[in-house]
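show me how the following folds:
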Amino acid sequence: MQDRLEDVTVLLVEDDEDAAFLLGMVLERAGARVEHASGVVAALKLASGVERFDLLISDMHLPDGSAADVLARWPADRRSPEALALTGDTSESSRTELEAAGFKAVLAKPAAIDDVIRHSAALIARRAG
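Model (predicted):
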């Protein structure tokens, strides 16, 4: 894995604890600082309390809403992060919904870890450039 996420703050929204643990660990090994939430309400609470998140990585379907809800309800006084969605729903309508909500990348589950890191690094590089 060559892509690095040094000094990138990630909000990982995933209700599957095992998947969140694994992905969080890999993101941290790539240099990111990771905060985890298991749903929309918890994610928004974290977003309100942290100065900034550079990147949002979210499962599409959450127990209390969707990944689109996280971005739609992002605190107005916080800069919106770059956003990558992970979903088992590979329908075109789901992809369109996520892109309309502001997700710049949508990966089908199960996504290869290297793909998640590569797409994350590309989103951050695009924002910086």
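
which secondary element of the protein has the worst mean pLDDT?
In the chain, no helix or strand scores lower on mean pLDDT, DSSP states H and E than helix 113-128, which sits at a mean of 92.

show me where the protein has helices.
In the chain, the helices defined using DSSP state H lie at 17-29, 40-49, 67-72, 92-101, 113-128.

quickly compare those helices and say which is most buried.
Among the helices of the chain, ranked by average contacts under mean count of other C-beta atoms under 10 Å, first place goes to helix 67-72 (a mean of 22). Any C-beta I mention is one placed from the backbone N, CA and C, and that applies to glycine too.

counting by contacts, list what that one packs against.
Counting contacts by 3 or more C-beta pairs under 8 Å, 6 or more residues apart in numbering; DSSP states H and E, helix 67-72 is packed against helix 40-49, strand 55-59, strand 61-62, strand 82-87, helix 92-101.

that older thread, I'd like the helices of the chain laid out as a markdown table, including distance to residue 59.
Below are the helices of the chain laid out as a markdown table (distance: least, C-beta to C-beta, whole Å):
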| stretch | distance to residue 59 |
| --- | --- |
| helix 17-29 | 8 |
| helix 40-49 | 11 |
| helix 67-72 | 6 |
| helix 92-101 | 11 |
| helix 113-128 | 12 |
